[in-house]
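Chemist: coordinates only, no sequence provided:
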């Protein structure tokens, strides 16, 4: 298939999922749009090589997460600590239960890497190895970041305790949030 | 537990639609791809250039090793290079006895019109070193005006820019110190022509600083020159006679010392005269307009013959091809009478000019042969010189053996337009020594120019790349571990 056609077919098939992942990562609809746009542009740059390697998903995922960090860094670079926080936007007509809102808010309080491991592991159902490949880190880092992310959720969103489970006995509360 | 978290995450974005793409990512990506390729190509060219320059510089620098002749004796190198543009001066780092002087064009021997336009002569030491004599932009020709002493220990120059006004200047190559010469109380002006074979006397054209009149036909200034012998030990000067207008003299055939340093043969118009050092004329011979004294090495090794050269070919109105096709026949005068005489049969020289430097083993004529510089034709130019800086395109040092043999002793790079050879090496036949390559250092301050020109872009590229990589790595590391909110929990949207 022509590279351009295969790229468009891929985008048609995966745009919805990518959009949801991007929204979970950024917590902001406009940022999610930017993130998907930048990610697909970067992927298009090297599409021939990407399709030659088989499944494009691992590469696209890798680009998405690295671009997420770049966008996040750009967004916060010029923000003074005393400034009001930037407003966040949500897609039109986004419905959801109160729990959904709490989940999104809780995710927004995590460090990008912690948010990323939760999305990769629990939304995209990837193994720890696959998550490590997507983030360009070791499996042990994925494990520790997952543990820290869950601990932080327990600390800052106790109402989600039934989702993330109780803290392991002896483990300090809020370990990840201290950094 | 994980199942419930999974469900909660899916529920949280269940109503999220696909984003609207503001621009076709395919077109945008391909545009970036083209830009990347241009950038990469440009970067590759820059890197290639920088690496090439680095290799050239490193390679040249590595060839600056000391030259030691195989048998330990000094010799004229069999091959030479042009010096580095920033080559150190004799005065700042003297290296002692020299085998050769080189003059010419190119960055090493002339500098550029924009910077380092110094008027240079390279002194090639017997240890293979290169040191420079600089003349403040006045281009000099080795072998006429700047001469290497017979033992290679001194150089006499018309002037040196940082010295007090002088009749001429002698520079000691072992110490770098220069000695002003004053002749008859005057500190101007002399054009050095030849050292006496014993190194005690200097033959020079004494002339006034400014023209004394103007040629009514050409409009050029007239600078009357007189041939003098200056005793370097006593400072005494003996006048031998008027030689003509300095600017119109044929530099290659002004005069020559006899091997015993007791006589001088000099050209005056179309005549040659043998003079004693007291100024007495011993004989005069007519040569005509096509025959000249062969050069400072005109006397044969035994002093019995004086070599002349006769031109077969274009005399006036000559283009480059005609100049290159000139043929010079060698002939002889009896040194005792000035009459034509028979001597060793030498092969003709073909080229713009030939200048005899001396005799190897008293048997073979060592000469410098001149090829023309294209575009500098001989057309109604009174100051045109067939061994001049501007007229010469290349020189080759050769030896002619009796019977017609020709041997190339030194074929220097094309930028070399003039040479002078130490007489002791020449007469002893010490040629074909190891190739002398200039070392990059020590250097003059002008080295900062190429360093800035080539080094600054390189340092900038390396510095910016390093900074970008460092900042990127630092930010990435911070980004991954920094909480999303800069100050406490985020407010509800």
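Modeler: Noted; the coordinates are in hand. Given the structure is predicted, the values throughout are model-derived calculations rather than measurements.
Chemist: now the residue nearest the centre of chain A: how far from chain B?
Modeler: To find the centre residue of chain A, average its C-alpha atoms and take the closest one (C-alpha atoms, centre = their mean): that gives residue A:25, at 3.2 Å. Relative to chain B, residue A:25 is positioned 10 Å away (C-beta to the nearest C-beta, to the nearest Å). (C-beta placed from N, C-alpha, C; glycine too.)
Chemist: tell me the contacts of residue A:138?
Modeler: Applying C-beta atoms under 8 Å, 6 or more residues apart in numbering or on different chains to residue A:138 gives the contacts residue A:132.
Chemist: go again with 10 Å.
Modeler: Under the criterion of C-beta atoms under 10 Å, 6 or more residues apart in numbering or on different chains, the contact partners of residue A:138 comprise A:128, A:129, A:132, A:144.
Chemist: and the last one, helix, strand or coil?
Modeler: Classification of residue A:144 using DSSP: H, G, I helix; E, B strand; the rest coil returns helix.
Chemist: isn't it right up against residue A:117?
Modeler: Yes. The pair residue A:144 and residue A:117 passes the contact test of C-beta atoms under 10 Å, sitting 9.2 Å apart.
Chemist: for those two, list the residues in contact with both.
Modeler: Counting by C-beta under 10 Å, 6+ apart, the common neighbours of residue A:144 and residue A:117 are residue A:137.
Chemist: for these two, indicate the residue with more neighbours.
Modeler: The residue with the greater number of neighbours, taking residue A:144 and residue A:117 and applying other C-beta atoms under 10 Å in any protein chain shown, is residue A:117; the counts read 30 against 16.
Chemist: shouldn't that one be in contact with residue A:146?
Modeler: Yes. The criterion here is C-beta under 10 Å, and residue A:117 meets it with residue A:146 at 4.9 Å.
Chemist: report the contact partners of residue B:344.
Modeler: For residue B:344, the contact set (C-beta under 10 Å, 6+ apart) comprises B:300, B:305, B:307, B:330, B:332, B:359, B:363-365, B:400-404.
Chemist: returning to what we had before: near chain B, from the contacts of residue A:138?
Modeler: With respect to chain B, and counting by C-beta under 10 Å from any C-beta of the partner chain, no part of the contacts of residue A:138 is in contact.
Chemist: list buried residues within these.
Modeler: When those are checked for burial by 16 or more other C-beta atoms under 10 Å in any protein chain shown, the buried set is A:128, A:132, A:144.
Chemist: let me know the closest of these to residue B:87.
Modeler: Closest approach to residue B:87 among those (C-beta to C-beta): residue A:132, at 59.6 Å.
Chemist: which neighbours do residue A:117 and residue A:146 share?
Modeler: Shared contacts of residue A:117 and residue A:146 (C-beta under 10 Å, 6+ apart): A:128, A:131.
Chemist: hang on, the earlier thing: most surrounded residue in the contacts of residue B:344?
Modeler: Scoring these on neighbours with other C-beta under 10 Å, the highest-scoring entry is residue B:365 at 29 neighbours.
Chemist: that residue touches residue B:397, doesn't it?
Modeler: No. Residue B:365 is beyond contact range of residue B:397, at 11.5 Å (criterion: C-beta under 10 Å).
Chemist: common neighbours of these two, please.
Modeler: Taking C-beta under 10 Å, 6+ apart as the contact rule, the neighbours common to residue B:365 and residue B:397 are residue B:357.
Chemist: re the thing from before, and the contacts of residue A:138, which two are the farthest apart?
Modeler: Taking C-beta to C-beta, the two most distant members of these are A:129 and A:144; they sit 14.9 Å apart.
Chemist: need the pLDDT of residue B:54.
Modeler: Looking at residue B:54, its pLDDT stands at 58.
Chemist: what mean pLDDT does whichever helix or strand residue A:106 is part of have?
Modeler: Remark: residue A:106 resides in helix A:98-108, with elements defined by DSSP states H and E. Predicted confidence along helix A:98-108 averages 80 (mean pLDDT).
Chemist: after it, next one along is what?
Modeler: Scanning forward in sequence from helix A:98-108 by DSSP H and E, the next helix or strand is helix A:112-118.
Chemist: tell me what that following helix is packed against?
Modeler: Helices and strands touching helix A:112-118, as assessed by 3 or more C-beta pairs under 10 Å, 6 or more residues apart in numbering or on different chains; DSSP states H and E, comprise helix A:3-26, helix A:57-77, helix A:98-108, helix A:128-135, helix A:139-156, helix B:2-12, helix B:456-481.
Chemist: mind giving me the domain split of chain A?
Modeler: Described in terms of automatic domain parsing, the domain architecture of chain A consists of the residue ranges A:1-84, A:97-167.
Chemist: most packed of those?
Modeler: Ranked by mean neighbour count under mean count of other C-beta atoms under 10 Å in any protein chain shown, the domains of chain A are led by domain A:97-167, which reaches a mean of 20.
Chemist: for residue B:311, grab the count of nearby residues.
Modeler: Per other C-beta under 10 Å, the neighbour tally for residue B:311 reads 18.
Chemist: repeat for residue B:429
Modeler: Residues within reach of residue B:429, counting by other C-beta under 10 Å, total 18.
Chemist: and the closest residue to it other than its chain neighbours, what pLDDT?
Modeler: Take residue B:429 and drop its neighbours on the chain: the residue closest to it by C-beta to C-beta, 6 or more residues apart in numbering or on different chains is residue B:360, 4.5 Å away. Confidence per residue is given as pLDDT, and for residue B:360 that number is 96.
Chemist: run a quick check on residue B:360 versus residue B:397, I expect a contact.
Modeler: No. Under the contact definition of C-beta under 10 Å, residue B:360 does not touch residue B:397, with a separation of 11.0 Å.
Chemist: which neighbours do those two share?
Modeler: Common neighbours of residue B:360 and residue B:397, using C-beta under 10 Å, 6+ apart, are B:366, B:407, B:409, B:426, B:431.
Chemist: so which residue of chain A comes closest to chain B?
Modeler: Chain A approaches chain B most closely through residue A:44 (2.6 Å), counting by C-beta to the nearest C-beta.
Chemist: report the longest helix in chain B, please.
Modeler: Criterion DSSP state H: the longest helix present in chain B is helix B:25-61.
Chemist: in the chain, which ranges drop under the pLDDT threshold?
Modeler: Looking at chain A here, since you left the chain open. For chain A, the stretches flagged by pLDDT under 70 are A:74-97, A:161-179.
Chemist: wait, chain B
Modeler: Low-confidence segments of chain B, defined by pLDDT under 70, are located at B:1-2, B:51-72, B:476-493.
Chemist: repeat the analysis, applying 80 as the threshold.
Modeler: Where chain B drops to pLDDT under 80, the residues are B:1-3, B:45-72, B:113-114, B:162-163, B:217-219, B:380-382, B:472-493.
Chemist: ok, whichever residue of it sits closest to chain A - how many residues close by?
Modeler: Nearest to chain A in chain B, going by C-beta to the nearest C-beta, is residue B:29, at a distance of 2.6 Å. Counted with other C-beta under 10 Å, the burial measure for residue B:29 works out to 19 neighbours.
Chemist: what's the closest residue to it other than its chain neighbours in contact with, if anything?
Modeler: Residue nearest to residue B:29 in three dimensions, not counting chain neighbours: residue A:44, with 2.6 Å by C-beta to C-beta, 6+ apart. The contact partners of residue A:44, by C-beta under 10 Å, 6+ apart, come to A:3-4, A:7-8, A:10-11, A:50, B:24-33.
Chemist: show me where the stretch 351-493 of chain B has strands.
Modeler: For the stretch 351-493 of chain B, strands defined by DSSP state E, counting those that start in this stretch occupy the ranges B:353-360, B:364-372, B:392-401, B:405-410, B:416-421.
Chemist: which strands and helices sit next to the first one?
Modeler: Other elements packing on strand B:353-360 under the criterion 3+ C-beta pairs under 10 Å, 6+ apart are strand B:291-293, strand B:305-312, strand B:327-334, strand B:364-372, strand B:392-401, strand B:416-421, helix B:423-427.
Chemist: winner for burial among these?
Modeler: Each of the helices and strands packed on strand B:353-360 was given a mean neighbour count from mean count of other C-beta under 10 Å, and the largest, a mean of 27, is that of strand B:416-421.
Chemist: before I go, just wanted to say thanks for your time.
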